[in-house]
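K.L.:
this is the structure alone, sequence omitted:
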């Protein structure tokens, strides 16, 4: 089942009258449950693509269908709802609320959902447990290490049980060991929970954790390949 | 998002930025405290002066010789001799003026009063028993002089509490003889402490029959004023009109412009004082408005900075599913909470300082300075700081909330 379908997608920024073409006609589709990595050097348009796919930024040309419905047919309310219910975001910079506990950070998406308040704690605790941070519940986000921060961000992305996880260079700010832990969690989201994962990275090694790699250059797709020899983060631990 | 959660989120947001919240509140507190204090003092002053004037009673009409003073140049016209015993008799005829309950001429001068080795310069007032009634001050020892004393030009005197204190100390004054100017008068009554009543300091005066004062002290046959008590407040303006007509007729004046007397009523005086204190209040309020403005600019600054600083937070919340409405609600609540806390503290502090001021002032001027607490100042202060808080909190929040989440997240 196709969950994401883009056709000839374009994005043009206008800054002080100067046009920058970040995306120049990108077409591909993603099946539900797929784990895709989008690669490319900086400026290739991979982040822009992810933001558009994640409803965080509007596109300027072409068509984007999410869940069979064109994004232009979604109202503002519906867009907020999709972001909240169907999508989970993991950012390179974590984007946790400062001076706020792990638990409150993870609860944040529930605040904007229709989940009754009585279930918030239970859901948040489950999500925190799934990233192995149960012992840090009442720590403030500033007291955590980078890897822990990213795991809190993943728990926050999971708490509303979304279909699609968008991860924008999730290991970019982490040392290799923390990066492995994060990649392991992300991989399990795909394999054990059957979620669709779209990961952005500029490292081939990280990308090879996915099933399929889309490589971008100058706002266009350069290649779209299935990964032959996948890495498994868990195995790296054992070594 | 449910309102309750918006509210909670706002509280958490404020708590996690304590010093910023405190500074915003401080701005509101200063503005509201200042405006309440200033307006309370202004109102207190007005009430004090009005009470002083009303002390004479609203039925009181004062006739004074000379044209109404129009300025320093017409000062001399104050001291004319147009009011005499003849006028008193004319006015007392009901066929001339209807509705006069009582009336007394008044002769006022400042001269020396002495007893033994003690002497003091004070106000000497020639009047009748009506003076006691109008000032609402009656002898606590001895009696007042009677109409018979006035007819006989009796050498009797009633003295104020301060005079009694200065001349006699603790010993009894009634029955003793004091010298006013250069002649002896028997003290028949002493007045209790009363303080200022309108223009009279009731403690610092001696009162004699007006006939006695004219005969032995001033040697004149005219009065400084005639005080009329109308039967009721409602008829004051009619009585004033009839007095004018009667006096013009008996003084042979055709042209009201050439009146050799003028009449003041309490209503006039109250009007005039209200005008003066009104101007004073406007002045004070403009000063307070400046402090409110300064407070407002403070709120504005902090709000602008805080919302701009939180553009990333707004972007994050939107990326997690917050709608524009959710964001606006959160910031609206933050602004409301800050304004409410600042408002309550400001009102309490304003009330406290106004009260303190009224205490201190009543010590200094030794008058009953009534504590007054103007609601209008509260509303004005709350309104202005609330408005500033809302506009400068919500406008940047709105700007941030309509950005795409990624634009807001990238904001530096």
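P.N.:
Now that the structure is in, tell me what you want to look at. Model, not experiment: these values are computed from the prediction.
K.L.:
for the residue in the stretch 251-400 of chain B that chain A sits nearest to, phi and psi?
P.N.:
The nearest approach of the stretch 251-400 of chain B to chain A comes at residue B:321, 2.3 Å away (Cβ to the nearest Cβ). In this view, the C-beta of every residue, glycine as well, is placed from N, C-alpha and C. Main-chain dihedrals, residue B:321, degrees, to the nearest 10: phi 120, psi 10.
K.L.:
quick one: secondary structure of the residue lying closest to it once chain neighbours are set aside?
P.N.:
The shortest distance from residue B:321 to any non-neighbouring residue, by Cβ to Cβ, 6 or more residues apart in numbering or on different chains, is to residue A:84 (2.3 Å). Following DSSP: H, G, I helix; E, B strand; the rest coil, the label given to residue A:84 is helix.
K.L.:
for residue A:84, give me its contacts.
P.N.:
A:109, A:112-113, A:160, B:320-322 (Cβ atoms under 8 Å, 6 or more residues apart in numbering or on different chains).
K.L.:
quick check: it vs residue A:4, distance?
P.N.:
Separation of residue A:84 from residue A:4 (Cβ to Cβ, to the nearest Å) stands at 18 Å.
K.L.:
please apply the same query to residue B:273.
P.N.:
Applying Cβ to Cβ to residue B:273 and residue A:4 gives a distance of 80 Å.
K.L.:
and for residue A:57?
P.N.:
15 Å.
K.L.:
quick one on the thing from earlier: widest-spaced pair of the contacts of residue A:84?
P.N.:
A:160 and B:322 (12.8 Å; Cβ to Cβ).
K.L.:
biggest helix in chain A, by residue count?
P.N.:
helix A:176-191 (DSSP state H).
K.L.:
what packs against that one?
P.N.:
Secondary-structure packing of helix A:176-191 (3 or more Cβ pairs under 8 Å, 6 or more residues apart in numbering or on different chains; DSSP states H and E): strand A:35-39, helix A:146-158, strand A:164-168, strand A:196-200, helix A:233-238.
K.L.:
off-centre distance for whichever strand or helix holds residue B:164?
P.N.:
Using DSSP states H and E, residue B:164 sits in helix B:161-168. Remark: helix B:161-168 is offset 30 Å from the chain centroid, using Cα atoms, centre = their mean, to the nearest Å.
K.L.:
and after it, which helix or strand comes next?
P.N.:
According to DSSP H and E, the helix or strand after helix B:161-168 is strand B:177-180.
K.L.:
the helices in the stretch 301-412 of chain B, which residues?
P.N.:
B:311-319, B:324-364, B:375-401, B:405-410 (DSSP state H, counting those that start in this stretch).
K.L.:
comparing those helices, which comes out most buried?
P.N.:
Highest mean neighbour count of these: helix B:311-319, a mean of 24 (counted as mean count of other Cβ atoms under 10 Å in any protein chain shown).
K.L.:
now do that one, average pLDDT.
P.N.:
Across helix B:311-319, the average pLDDT comes to 89.
K.L.:
what's that helix packed up against?
P.N.:
helix A:76-85, helix B:324-364, helix B:375-401, helix B:405-410.
K.L.:
coming back round to it: mean pLDDT for the helices of the stretch 301-412 of chain B: which is lowest?
P.N.:
Among the helices of the stretch 301-412 of chain B, helix B:375-401 carries the lowest mean pLDDT, at a mean of 79.
K.L.:
OK, contacts around residue B:404?
P.N.:
By Cβ under 8 Å, 6+ apart, the residues touching residue B:404 are A:56-58.
K.L.:
please indicate which of these are buried?
P.N.:
Buried members of the contacts of residue B:404, scored by 16 or more other Cβ atoms under 10 Å in any protein chain shown, are A:56-57.
K.L.:
distance to residue B:46, secondary structure and pLDDT added to the contacts of residue B:404, as TSV?
P.N.:
Formatted as TSV, the contacts of residue B:404 follow (distance: Cβ to Cβ, whole Å; DSSP: H, G, I helix; E, B strand; the rest coil; pLDDT from 0 to 100):
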residue	distance to residue B:46	secondary structure	pLDDT
A:56	61	coil	92
A:57	62	coil	91
A:58	62	coil	91
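K.L.:
ok, back up a step: rank the helices and strands packed on helix A:176-191 by mean pLDDT and give me the bottom one.
P.N.:
Mean pLDDT is lowest for helix A:233-238 among the helices and strands packed on helix A:176-191, at a mean of 71.
K.L.:
make CSV from the helices of the stretch 301-412 of chain B and add distance to residue B:244 to it.
P.N.:
Output for the helices of the stretch 301-412 of chain B, formatted as CSV (distance: least, Cβ to Cβ, whole Å):
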stretch, distance to residue B:244
helix B:311-319, 75
helix B:324-364, 40
helix B:375-401, 39
helix B:405-410, 78
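K.L.:
can you tell me the SS state at residue B:157?
P.N.:
strand.
K.L.:
swap in residue B:208?
P.N.:
The three-state label given to residue B:208 by three-state DSSP is strand.
K.L.:
can you tell me how far it is from chain A?
P.N.:
Between residue B:208 and chain A the distance is 82 Å, computed by Cβ to the nearest Cβ, to the nearest Å.
K.L.:
list the beta-bridge partners for that residue.
P.N.:
residue B:126 (DSSP bridges).
K.L.:
which residues touch it?
P.N.:
B:124-127, B:145, B:156-158, B:180, B:185, B:217.
K.L.:
ok, now with 7 Å
P.N.:
With contact set as Cβ atoms under 7 Å, 6 or more residues apart in numbering or on different chains, residue B:208 has these partners: B:124, B:126, B:156-157, B:185.
K.L.:
looking at these, spot the one nearest chain A.
P.N.:
Distance to chain A, by Cβ to the nearest Cβ, is smallest for residue B:124 among these, at 77.8 Å.
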